[in-house]
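A.B. asks: Okay, predicted coordinates and the sequence, questions at the end:
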Amino acid sequence: MKKLCFGTALMFILCFSAFAWADQSASKDECVTKCYEAAALINAKGLAEAVKEIGNAKGPFVWKDSYVFLMNLDGKMLAHPMQPELTQRPHCLLITDPTDKAIFVSFVNTARTLGQGWVEYMWPRPGRTSPSKKITYVYRVPGKDLFVAAGVYVGGMMY
């Protein structure tokens, strides 16, 4: 009887932990929705206001383990809430992931040619230094030479 109770309790804890972890991970649908919201903000309030909101690490475009960032089609990072130092570069086109993929080139090409789409690459989770597999939704702001993007980490535990 004790083994049965212990086994049931252990199973409950494992299931609850998995659901709690899943709740802390962003979904692909949330990334798409947040990108649409960010694009709408740019068109409604202008670029300067959008840069402030999107670049705010405590703002509405940072949630769970994800965030929206904003770039132009020349590869210039305009707002990044987790790595604001990227906005100080003339462009981010030479940055590669650990597999030598020019990720920002992929983002720009997706925005420029398709207008929207998913890009797969390796990138550190917020607060971490080692890279994890990530897929990012890229969405070109209608009528602008800008795009917003947000991604989800694939597999593995968050911490």
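C.D. replies: Structure received.

A.B. asks: Following the chain past the lowest-mean-pLDDT helix or strand in the chain, name the next helix or strand.
C.D. replies: The least trusted helix or strand in the chain, going by mean pLDDT, DSSP states H and E, turns out to be helix 2-23, with a mean of 43. As assigned by DSSP states H and E, the chain's next helix or strand after helix 2-23 is helix 28-45.

A.B. asks: hmm, who's touching that next one?
C.D. replies: 49-50, 53-54, 60-61, 63-64, 66, 68, 70, 118, 135-139, 141-144, 146, 148-152 (Cβ atoms under 8 Å, 6 or more residues apart in numbering). To be clear about C-beta, it is placed using only N, CA and C from the backbone, and glycine gets the same treatment.

A.B. asks: what about residue 48, which SS state?
C.D. replies: helix (DSSP: H, G, I helix; E, B strand; the rest coil).

A.B. asks: Would you mind measuring from it to residue 70?
C.D. replies: 12 Å (Cβ to Cβ, to the nearest Å).

A.B. asks: So for those two, which residue has more residues nearby?
C.D. replies: residue 70 (28 against 8; other Cβ atoms under 10 Å).

A.B. asks: mind showing which ranges of this structure have poor pLDDT?
C.D. replies: 1-23, 156-159 (pLDDT under 70).

A.B. asks: and with 80 instead?
C.D. replies: 1-23, 126, 155-159 (pLDDT under 80).
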